[in-house]
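*Asks:* Structure here, sequence nowhere to be found:
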Ligand code: TYM
């Protein structure tokens, strides 16, 4: 008998522009492993509501991201691709998880601390966000969660919440998920500030990010402006002074899939950082060209996109709703099935 394939769940927020960090840290790896696993990929629009959104904009961005993920290679025939708010089990089950999650676990999340420090008025949803994320993962019995480095702490929290539910109600009811962080591309840094990660919330700032829909000229310009240092040595390095060059080399490595030695060989004759920047821009433009073409074609056919998303939502609901219904029985909300 063929061994059972592992289940994979991952998610991405529709707001802010999808950028090279999201692609290299997450989406590229989702695409690569599609045949090996049973996959659920979710556009987490409920997560986007944790900061104020313009409704029309949110609606557009959600559909646009769905098209972009398919353009990147997520195949709806192989993977379940869906929009979080189309599957009511997520919000319903998150409430149940809220009621077993200690407040202190959420207050110590570094992303909450960082984001809330930058806002005048912090919404309850921002604090609660990792509980919703936990439900996303565990309602699908997912074993693996492929994410970039910045989401590791949230997946660890999901493990704690799953274990707590299991110990309160039924051992092994939830699978305890594992984060899967890629070796290359797990932390793409901002081009304008290579000491901080490339971020969706700053993707509109000129020169910060490469957005997947940027035109070639824009990509060249952003790399050209990338912050480096006053030296001229092209080498991988942990030295904070060299973070800019290290980030450019890391991007080149993740885009081309080459080894560090081969990457350095490509720049052996470079006459300074200008050549490095041109080289990174060239491979990035070539990688994005077919993705951008497929995206435009998908956006031109909204009926087909809706059809695919409706299939995804139905598949997702069929898995997650029974799990949440079982939780309701265990927690005393509805009579157990005879
Ligand atoms: P989000 O939308 O911020 O990011 C989507 C994915 O991109 C990765 N990522 C990066 N990787 C490398 N370098 C970067 N600079 C970079 N920036 C972002 C993220 O780690 C993530 O994998 N809470 C999640 C979405 C979510 C989720 C889930 C993920 C909701 N439910 C369940 C996994 C499982 C988020 O906001 O990701």
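*Replies:* Thanks, I have it. Keep in mind the model is a prediction, meaning the values are calculated, not measured.
*Asks:* Wait, residue 53 touches residue 15, no?
*Replies:* Yes. Applying CB atoms under 8 Å, one finds residue 53 in contact with residue 15, separated by 6.2 Å. For the C-beta atoms, the positions are set from N, CA and C on the backbone; glycine is no exception.
*Asks:* where's the nearest residue to residue 240 once chain neighbours are set aside relative to the ligand, distance?
*Replies:* Once flanking residues are discounted, residue 240 sits nearest to residue 195: 6.6 Å by CB to CB, 6 or more residues apart in numbering. Per CB to the nearest ligand atom, to the nearest Å, residue 195 is found 12 Å from the ligand.
*Asks:* And residue 10, by the same measure?
*Replies:* Distance from residue 10 to the ligand, by CB to the nearest ligand atom: 4 Å.
*Asks:* Point out the residues in this protein that sit beside the ligand.
*Replies:* Applying CB under 6 Å from any ligand atom, we find that the chain lies next to the ligand at 9-13, 21-22, 25-26, 44, 47, 133, 136-137, 145, 147-148, 150-151, 154, 186-188, 197-198, 200.
*Asks:* per-residue confidence for residue 3?
*Replies:* The per-residue pLDDT reported for residue 3 equals 67.
*Asks:* actually residue 119, not the one I wrote
*Replies:* The model reports residue 119 with a pLDDT of 89.
*Asks:* so how many other residues sit close to it?
*Replies:* Neighbours of residue 119 under the rule other CB atoms under 10 Å: 11.
*Asks:* could you list every residue that touches it?
*Replies:* When contacts are counted by CB atoms under 8 Å, 6 or more residues apart in numbering, residue 119 touches 51, 126.
*Asks:* May I have the secondary structure class of it?
*Replies:* Three-state call for residue 119 (DSSP: H, G, I helix; E, B strand; the rest coil): coil.
*Asks:* do residue 81 as well
*Replies:* Of the three states, residue 81 takes strand under three-state DSSP.
*Asks:* Surely it and residue 69 touch.
*Replies:* Yes. Assessed by CB under 8 Å, residue 81 is found in contact with residue 69 at 6.2 Å.
*Asks:* joint contacts of those two?
*Replies:* 41, 43.
*Asks:* Sort out which residues of the longest helix seen in the chain are buried, please.
*Replies:* Longest helix of the chain, by residue count under DSSP state H: helix 302-330. Neighbour counts over helix 302-330 (16 or more other CB atoms under 10 Å) mark 305, 308-309, 312-313, 315-317, 319-321, 323-327, 330 as buried.
*Asks:* Give the rounded mean pLDDT of it.
*Replies:* Averaged across helix 302-330, pLDDT comes to 97.
*Asks:* elements contacting that helix?
*Replies:* Judged by 3 or more CB pairs under 8 Å, 6 or more residues apart in numbering; DSSP states H and E, helix 302-330 is in contact with strand 38-43, helix 55-72, strand 79-83, helix 89-98, helix 273-299.
*Asks:* rewinding a little: of the residues of the chain next to the ligand, which belong to strands?
*Replies:* If you go by DSSP state E, the residues of the chain next to the ligand have 9, 10, 11, 12, 145 in strands.
*Asks:* Against residue 19, how distant is the fourth one?
*Replies:* Between residue 12 and residue 19 the distance is 11 Å, computed by CB to CB, to the nearest Å.
*Asks:* Which one's more surrounded, the two?
*Replies:* Under the neighbour definition other CB under 10 Å, residue 12 and residue 19 were set side by side, and residue 19 has more, 23 against 19.
*Asks:* Tell me the bridge partners for that one.
*Replies:* Judged by DSSP bridges, the bridge partners of residue 19 are residue 211.
*Asks:* try residue 144
*Replies:* For residue 144, the beta-bridge partners under DSSP bridges are residue 8, residue 178.
*Asks:* Please report how far it lies from residue 302.
*Replies:* From residue 144 over to residue 302 the distance is 32 Å, taken as CB to CB.
*Asks:* do the same with residue 90
*Replies:* Using CB to CB, we find residue 90 at a distance of 24 Å from residue 302.
*Asks:* cool, residue 58 as well?
*Replies:* Residue 58 is 17 Å from residue 302, by CB to CB.
*Asks:* Next: residue 211.
*Replies:* 22 Å.
*Asks:* same check, this time on residue 165
*Replies:* For residue 165, the distance to residue 302 - CB to CB - is 39 Å.
*Asks:* Equivalent analysis for residue 30, please.
*Replies:* For residue 30, the distance to residue 302 (CB to CB) stands at 24 Å.
*Asks:* Please apply the same query to residue 239.
*Replies:* Residue 239 sits at a distance of 49 Å from residue 302 (criterion: CB to CB).
*Asks:* same check, this time on residue 24
*Replies:* Using CB to CB, one gets 29 Å for the distance from residue 24 to residue 302.
*Asks:* cool, and residue 32?
*Replies:* With CB to CB as the criterion, residue 32 and residue 302 are 28 Å apart.
*Asks:* Please apply the same query to residue 266.
*Replies:* Distance from residue 266 to residue 302, by CB to CB: 41 Å.
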